[in-house]
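1. I would like to see how this sequence folds:
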Amino acid sequence: MVDRPGIKIVTSGCRAPVRLGCRMCTEGGSRWRSKISMSSARIVGSDQHFSALNDLDCTREPIHQPGSIQPHGALLAISPSADLTIVAGSRNIGRILECDLALSGIIGLAIGDILGLDFARSVQIRLRNGELRAEAPWQSMLELMSNGRPVLLDASVHLHNELILVELQHAGMQGLDAAGLLRKLQNILAGLRDAENSLEELAGVAAQAIRHLVGYERVLIYRFDADWNGVAIAEDKEADWDFSLVGIRFPASDIPAQARRLYERSPMRCVVDRDATPVPLDRMPDLLDDPLSQGPIDLSFAQLRSLSPVHLQIHRELGINGTMSLSIMRDQKLWGLVVCHHRLPHHPSASQKSAASLITNAFALGISATERNHVEQARREDLDRLSTLLAYMAEADSVTSALTTGTTTIGNLLSSSGAAVLYDGEVALVGRTPSEAEVRELAEWLRVHRGNTTLFHTNRLSVELPSWDRLTSVASGVMAVFLSSDQRDMLLWFRPDEPELISWGSGAHLSPESKASRPAPMSFTRWSEVQRGVAVPWTNWESEIAETLRHGITEVIVRALHRIRDLNEKLRQAQKMEAVGQLTGGIAHDFNNLLAGIIGSLELLQIRVGQGRIGEIDRYIAMAMTSANRAASLTHRLLSFSRRQTLDSKPVDVNQLTTSMEDLIRRTVGPAIKVETVIAVSLWKALCDANQLESALLNLAINARDAMPDGGRLSIEAANARVDDDYGQRHPEILAGQYVVVSITDTGTGMTPEVVGRVFEPFFTTKPLGQGTGLGLSMVYGFAKQSNGYTRIESEPGRGTSVHIYLPRAPGIVELEPSVTLSLSDSAVSSGETVLVVDDEPVMRMLIGDMLRDLGFVVLEAADGAEGLRVLQATQGVDLLISDVGLPGGMNGRQLADAARVQRPQLKVLFITGYAGSMLVGDGVLEPAMHVITKPFALDVLAAKIREMI
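-> Next up, the predicted model:
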């Protein structure tokens, strides 16, 4: 036994063996063809001749002997001129016509002078109508009178290479009349029709029918595989033939490519007597100047062509003399051969050969019907599975789960042993498959080698991907369909190899490496091999099923997902409108309460002042201020949720911030709740507004306190986190990158999934009426989003809640700024600087102006941007511009500042605004000497900011 990758060879009757190789070399073939093309001697094929053939190139060896024909018939070559002149012929023409005519007496005559005017006219008509073709000869029967008695001839006529070739053979029914032949054909066709359920049974009926009809001793039905190796699938023979060829495989080199191409066009070959002396073809010397008569006559499509020495030797090795073969064509391609053998010379009549052709064609049709029946049954079963799978996909949550879960999965299709789904970066396996890593490796190879098609399949993957040789027992056959144009998503089906014991019937299959010990190339010594690495081939209909599934996923399901996305968008819009209604209702409710407190306090203040009861006014001032501050806080929360608040984002040490807030949080939640702060090692700095983070932590601590009325544990922890590209692609709202995660976890009552889905909505609260505004988590959500982070919440009823705030990592080192607290009196300035106040609200101009005048500033006022710009142009000594951002008249505060700085680049600017929009900072960056303060603000805070700037 000799092993090699994918092959285990067991020899019988010989040693050696490695498969490959041709029986002949190119150079020897050229010399041999040159030799036989010049010879008209009897060629019998001695051992000496055959030893020379061992080194010839079979793929180039002509399949017939040029320049001669078999002696049981005669051939005439005719010029397609008006009178159809005979330009060449075989030397045995007189014997076939049963007269004393010599070839030299025929050449130069019109064909009508020899075979009759009726025959000549028929040839002329068919020539004119284009009915004479090389691969489809016109068959006719001639009755001539010779020496006073009739001679019945079968004529075969075809046109090839500008010559009309007429082949003549003696006709005869050999004991079977026309009526008997017709009845026999009818019975045979009925038998073929009844055998359509099994290819082997069908082939057996055809072989038996042809043998008994044509009189050969053995008839084989021989089919080709994908590599053009042949195997006999049926045989009918005489009982005394001592060996059978059924199941024996013959290498492709026995019937080389040029022979197969000819067999596709020429449906029948017949050799009456293997050892008969070929008859040469001659031309008259005075016609050698005629172009049509020069060069060898191409006999490729002639039924009388003689065998080549190679094929003569094959027949001798097999012990056969008379032979006939017929091409089995399916879908206009060579499917196989009907091969007829006789140990003695055998000459079937033209009628018998026509009947054999008819049976062969009927068998070819039967093949199609038989295979179609099996295909349709298997196809129907797979289509039923496919229909179930597609129906399930319409209700599934994802493509992968639809294909890999349930009673019908992708693994139930295509008679596969296993399957894989690569979708959205994930791999799901079903059945017997390679590992996930190996599937990813194969997928990457397919992306490179699949070409521009959407489907790839092979039943010999280890040939195309040698590294896969180790996995042939799992996946020698692979079919892949690609679901996306970027080749990332695909479906894969696997089939293991099917080890097969192959019996070879020709030493020609062996390679030159073991030439000394191998059998002779045409000895037909049997030897066997176990073939591995080859799976059951994928059929066309299986490719169609795979393509249908691909279409179902990429078209039907994708459209369904689009519809779902549209419905979700409509649902989100409806929820948005509901939230807006809830928001406006909540704002109206809370602001009405606050305004009632402010207005009521001011009215009572006015009454008490009118009554002279000045001692009570402080009480009402305090009430009005409390309501006003609550309104400012509510506005701030709304801006935070809408991400319109002004953020002062800087690198923040989260460990230091949470530690500094620990006492405040403990006092806020009360002694019944244990507060734990976890300090992270090597924690990155977060880029955010420290004040807003403090406010978010305090809000979350209050929510946790309310969720633990009987006490519990509250933990605050920070950690580093990375979001990779794959996760970011699956969650478009999250940017890939590095984050600092601040997590606040409680052991409280928890929330249901339905409640968790709504906790970030404004004014949504689970607290009793009058407790909480429902804006705490909304503010946290808005703060995180505006900081280019995001928020995630986890909660389960009875097990508590965790809120995670992801804040982007900040490069650099935290710069600690000194904390400065100033009172209004500390901020007095007596230098006489000039300040321009621009605001469209008279009340705001008055308040700011009065405060600045009290501080010793010279104050100028303007109601809009255009007026402010005129004041700046008319006044030289303006030291500070204080402007609202939103101004009427087509020029906002930022545009005013930019215009003013054209002439005064060093002008200091302080913006006051209710929110920070794009019209303030544009790309998010303020220029030097520009600052912003958010309404509402305390006057002492404004004074401190002005002192800082001036």
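2. quick check: mean pLDDT across stretch 932-943?
-> Throughout stretch 932-943, pLDDT has a mean value of 76.
3. pull out the buried positions in stretch 452-466.
-> The neighbour-count check on stretch 452-466 (16 or more other Cβ atoms under 10 Å) flags 454-462, 465 as buried. In this view, the C-beta of every residue, glycine as well, is placed from N, C-alpha and C.
4. actually stretch 94-107, not the one I wrote
-> 94, 96-98, 101, 103, 106-107.
5. ditto for stretch 781-792
-> By neighbour count with 16+ other Cβ under 10 Å, stretch 781-792 contains the buried residues 781-787, 789-791.
6. got the CA positions of it in CSV?
-> Below are the C-alpha coordinates for stretch 781-792, written out as CSV (Å, rounded to 0.1, in the frame of the first residue of the first chain):
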residue,chain,number,x,y,z
TYR,A,781,-29.3,61.3,30.2
GLY,A,782,-28.9,64.7,28.6
PHE,A,783,-25.7,65.5,30.4
ALA,A,784,-24.1,62.3,29.3
LYS,A,785,-25.2,62.7,25.6
GLN,A,786,-24.1,66.3,25.5
SER,A,787,-20.7,65.2,26.9
ASN,A,788,-20.4,62.8,23.9
GLY,A,789,-21.0,59.8,26.2
TYR,A,790,-24.1,57.7,26.9
THR,A,791,-26.0,56.2,29.8
ARG,A,792,-27.0,52.5,30.4
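7. pLDDT of that stretch, averaged?
-> The predicted model assigns stretch 781-792 a mean pLDDT of 83.
8. that one: how far from the chain's middle?
-> The chain centroid and the centroid of stretch 781-792 are separated by 38 Å, computed with Cα atoms, centre = their mean, to the nearest Å.
9. and after the helix or strand Ala369 falls within, which helix or strand comes next?
-> Counting by DSSP states H and E, the element that carries Ala369 is helix 350-395. Per DSSP H and E, the first helix or strand lying C-terminal to helix 350-395 is helix 399-404.
10. got the contact list for the helix or strand just after that following helix?
-> Where DSSP H and E defines the elements, the next helix or strand beyond helix 399-404 is strand 418-423. Residues from elsewhere that reach strand 418-423 (Cβ atoms under 8 Å, 6 or more residues apart in numbering): 398-400, 403-404, 409-411, 413, 427-433, 439-440, 443, 474-475, 483, 488-494.
11. pLDDT averaged over strand 418-423, what's the number?
-> pLDDT averaged over strand 418-423 gives 88.
12. report the buried members of the contacts of strand 418-423.
-> 398-400, 403-404, 409-411, 413, 427-433, 439, 443, 474-475, 483, 489-494.
13. packing partners of the host helix or strand of Tyr263?
-> Element membership for Tyr263, per DSSP H and E: helix 257-265. Secondary-structure packing of helix 257-265 (3 or more Cβ pairs under 8 Å, 6 or more residues apart in numbering; DSSP states H and E): strand 322-330, strand 333-342.
14. what mean pLDDT does that helix have?
-> Average pLDDT, helix 257-265: 81.
15. so who does the spatially most central residue of the chain touch?
-> The chain has Phe482 as the residue nearest its centroid, 1.1 Å off, counting by Cα atoms, centre = their mean. Listed by Cβ under 8 Å, 6+ apart, the contact set of Phe482 reads 450, 454-455, 489-490, 550.
16. let's go with 7 Å and repeat that
-> 450, 454, 490 (Cβ atoms under 7 Å, 6 or more residues apart in numbering).
17. tell me how the chain divides into domains.
-> Domain ranges of the chain: 64-170, 178-278+300-373, 396-538, 557-629, 643-810, 825-949, per automatic domain parsing.
18. closest one to Asp382 among those?
-> Among the domains of the chain, domain 396-538 comes nearest to Asp382, with 5.7 Å by Cβ to Cβ.
19. hmm, what's the outermost residue in this structure?
-> Centroid-distance maximum for the chain: Gly612 at 88.5 Å, with Cα atoms, centre = their mean.
20. about what we covered before: and the domains of the chain as a markdown table, adding distance to Leu383?
-> Shown next, in a markdown table, are the domains of the chain (distance: least, Cβ to Cβ, whole Å):
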| stretch | distance to Leu383 |
| --- | --- |
| domain 64-170 | 39 |
| domain 178-278+300-373 | 15 |
| domain 396-538 | 10 |
| domain 557-629 | 18 |
| domain 643-810 | 33 |
| domain 825-949 | 57 |
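21. those: lowest mean pLDDT?
-> Among the domains of the chain, domain 557-629 scores lowest, at a mean of 67.
22. just to check, Leu115 is in contact with Leu142?
-> Yes - look at Leu115 against Leu142 with Cβ atoms under 7 Å: they come within range, at 6.1 Å.
23. ok, those two, which is more surrounded?
-> Leu115 (23 against 17; other Cβ atoms under 10 Å).
24. now for the helices and strands packed on helix 257-265, which one comes closest to Ser90?
-> Proximity to Ser90 (Cβ to Cβ) singles out strand 322-330 among those, at 19.9 Å.
25. so who does Asp840 touch?
-> Residues near Asp840 by Cβ under 7 Å, 6+ apart: 863-864, 884, 887-888.
26. can you flag the buried ones in those residues?
-> 863-864, 884, 887.
27. pretty sure Leu153 is in a strand, no?
-> Yes - counting by DSSP: H, G, I helix; E, B strand; the rest coil, Leu153 is part of a strand.
28. identify the residue nearest it in space, chain neighbours excluded?
-> Nearest residue to Leu153, sequence neighbours excluded (Cβ to Cβ, 6 or more residues apart in numbering): Leu142, at 4.5 Å.
29. did I read that right, the one you found in a strand?
-> Yes - per three-state DSSP, Leu142 lies within a strand segment.
30. give me the beta-bridge partners of the residue nearest to the centre of the chain?
-> Met490 (DSSP bridges).
31. distance of it from Met751?
-> Computed as Cβ to Cβ, to the nearest Å, the Phe482 to Met751 distance reads 43 Å.
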